[in-house]
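Enquirer: This is a predicted model, with the sequence first.
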Amino acid sequence: MLKNTHCSSSGLLIDEPDEQEVSPSLVHRLDRRRIFDLLEFAEKCGVKLTSRTIPQLSLATVLDAYDNEFQLSWLLSAPVKVIHRGHHRIACPAPDEPERSLALVCAEALLHAGSSRIRGKVKALLQATNMFHGGESDDSAG
C-alpha cells in the first residue's frame, strides 16, 4: 500500500505533494492568450506530444489549429502524452476548450525541468493569474 499518495492535477499518483504542481484551477482561470503563450513556450522548450489517434501530433500542430475550435477539438479529442526531459504526463482533454487541459500538463512538465530559466518563465506565465501553488501575492493590498 502506498503512503502519502495523492493524485496530481495531471491524474498521476505521486508519493508526496510537489511544490511545483500547478493548481487545477488553471484550467478555468487562464485566458486563451496566456494558454497560447504557455503552449508556444512549451514547444520552444522541446515538449513532445504523442497520441494513439494522431501519430504525428505536435505542439506546432496544436498551435496552428488554435483559432479553429473544431480542428483543435478534433486534435485533442483523445488523451495525449506530454513528454519533457524524461517526465511523462497524460493530458485528458475536456470536450470544451481541450487546450486548457493540455496547457496544465505542459506547465507541470516544464516545472519539473532541470533548468531554472524554464521554471522561472513558466512561473511568470502562471503568476499573472496567481495559479502557481504558493504564488499568490499580496499585491492587492494597499
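Expert: In hand now; what should we look at? Just so we're clear, the structure is a prediction, and the values are computed from it rather than from any experiment. Residues are numbered from 1 along each chain as shown.
Enquirer: Which stretches in the protein count as helices?
Expert: 26-29, 32-44, 59-64, 69-75, 98-111, 116-127 (DSSP state H).
Enquirer: could I get these as JSON lines with mean neighbour count?
Expert: All C-beta spots, glycine's among them, are computed from the backbone N, C-alpha and C. Listed next are the helices of the chain as JSON lines, based on neighbours: other Cβ atoms under 10 Å:
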{"stretch": "helix 26-29", "mean neighbour count": "16"}
{"stretch": "helix 32-44", "mean neighbour count": "17"}
{"stretch": "helix 59-64", "mean neighbour count": "17"}
{"stretch": "helix 69-75", "mean neighbour count": "16"}
{"stretch": "helix 98-111", "mean neighbour count": "26"}
{"stretch": "helix 116-127", "mean neighbour count": "16"}
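Enquirer: Could you provide the ones you listed in a markdown table, with additional columns for distance to R89?
Expert: Shown next, in a markdown table, are the helices of the chain (distance: least, Cβ to Cβ, whole Å):
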| stretch | distance to R89 |
| --- | --- |
| helix 26-29 | 14 |
| helix 32-44 | 12 |
| helix 59-64 | 14 |
| helix 69-75 | 18 |
| helix 98-111 | 5 |
| helix 116-127 | 14 |
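Enquirer: of all the ones you listed, which lies closest to K81?
Expert: helix 98-111 (9.2 Å; Cβ to Cβ).
Enquirer: what packs against that closest one?
Expert: In terms of contact count using 3 or more Cβ pairs under 8 Å, 6 or more residues apart in numbering; DSSP states H and E, helix 98-111 is assigned the packing partners helix 26-29, helix 32-44, helix 59-64, helix 69-75, strand 80-84, strand 87-91, helix 116-127.
Enquirer: Kindly export it (C-alpha atoms) in CSV.
Expert: This file holds the C-alpha atoms of helix 98-111, laid out as CSV (Å, rounded to 0.1, in the frame of the first residue of the first chain):
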residue,chain,number,x,y,z
PRO,A,98,-9.3,21.0,-24.5
GLU,A,99,-6.3,23.3,-24.8
ARG,A,100,-6.7,24.2,-21.2
SER,A,101,-6.0,20.6,-20.0
LEU,A,102,-3.0,20.4,-22.3
ALA,A,103,-1.6,23.7,-21.0
LEU,A,104,-1.9,22.5,-17.4
VAL,A,105,0.0,19.3,-18.1
CYS,A,106,2.6,21.1,-20.2
ALA,A,107,3.2,23.6,-17.4
GLU,A,108,3.7,20.8,-14.9
ALA,A,109,6.1,19.0,-17.2
LEU,A,110,8.1,22.2,-17.7
LEU,A,111,8.2,22.9,-13.9
